[in-house]
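[1] What follows is a predicted protein model with its sequence.
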Amino acid sequence: MGKKRVVGIGMDYSPTSKAALRWAAQNLVEDGDQMILIHVQPPKSDHTRKQLFEDTGSPLIPLEEFRETNFSKQYGLTYDPELLDVLDTVSRTKGAKVVAKVYWGDPREKLCDAVEDLNLDSIVVGSRGLGTIKRVLLGSVSNYVVTSAPCPVTVVKGASSSKF
C-alpha cells in the first residue's frame, strides 16, 4: 500500500466540475486518500465567513458539516444533493477523507494557491470546452492551472461545444 494522497477538485457546481468530481471519485481517489473540494467564490461576494477567512481561505470543512444546508449558506455555496451523494459514496466505499475549503478571488490564482497551501498531490478541474476565440477573450481557468500548478493536473472535458 502506497502513500495516502491529497487530491483537490475544483468545484463551481457547473456540469463540468461535477463531471470532474465523478471522474476523480471513480478513477483517481484510492482507499484512504484525502479529497478536498475547492470552491472559489467571487471577490465581490459578501458572505458572513468571507470577512473572517478572505486572506487565507476557510478552514478545512469536514463532510459532516458541509452536508448541512445552513452551513452552505454561510459560505454562499450551493446546496447540491447530487454532489453530496458522490462525496458520501467515495467516503463510504473508498474510505476517503472528504473535506472542503472555500477561497475568495480569481479562480485561476486561488486554485494554484490551493495546490501549495494544501500540499496537493494532484488537482482535477473541469473544462467548459471554450473554443479558441472565447478562450483568448475570456481566459481559461483549466489552461491556467495546467500551466501554473506545481503538481499533476487532470482536466475533465465537458460536452462538445462549437469551436468559435
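    Ah, there it is. Everything numeric here is computed off the predicted structure, so don't read it as measured data.
[2] can we go C-alpha only for contacts and neighbour counts from here?
    Will do.
[3] Can you show me the helices along the protein?
    Taking DSSP state H as the test, the helices found in the chain are 15-27, 50-53, 63-66, 69-75, 81-94, 107-117, 132-138, 141-148.
[4] Save those helices as JSON lines, and put in distance to residue 156 too.
    Converted to JSON lines, those look like this (distance: least, Cα to Cα, whole Å):
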{"stretch": "helix 15-27", "distance to residue 156": "5"}
{"stretch": "helix 50-53", "distance to residue 156": "29"}
{"stretch": "helix 63-66", "distance to residue 156": "23"}
{"stretch": "helix 69-75", "distance to residue 156": "25"}
{"stretch": "helix 81-94", "distance to residue 156": "16"}
{"stretch": "helix 107-117", "distance to residue 156": "15"}
{"stretch": "helix 132-138", "distance to residue 156": "16"}
{"stretch": "helix 141-148", "distance to residue 156": "9"}
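[5] Comparing those by mean pLDDT, which bottoms out?
    The weakest mean pLDDT among these belongs to helix 132-138, with a mean of 45.
[6] that older thread, so which of the helices of the chain gets nearest residue 40?
    helix 107-117 (5.6 Å; Cα to Cα).
[7] Can you convert the helices of the chain into a markdown table and add a column each for mean neighbour count?
    Converted to a markdown table, the helices of the chain look like this (neighbours: other Cα atoms under 10 Å):
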| stretch | mean neighbour count |
| --- | --- |
| helix 15-27 | 20 |
| helix 50-53 | 14 |
| helix 63-66 | 15 |
| helix 69-75 | 15 |
| helix 81-94 | 15 |
| helix 107-117 | 19 |
| helix 132-138 | 11 |
| helix 141-148 | 18 |
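[8] Would you mind saying which of these lies nearest residue 6?
    helix 107-117 (9.7 Å).
[9] elements contacting the closest one?
    strand 34-41, helix 141-148 (3 or more Cα pairs under 8 Å, 6 or more residues apart in numbering; DSSP states H and E).
[10] just so I know, which of these lies nearest residue 86?
    strand 34-41 (11.7 Å).
[11] packing partners for the closest one?
    Partner elements for strand 34-41 (3+ Cα pairs under 8 Å, 6+ apart): strand 6-11, strand 97-104, helix 107-117.
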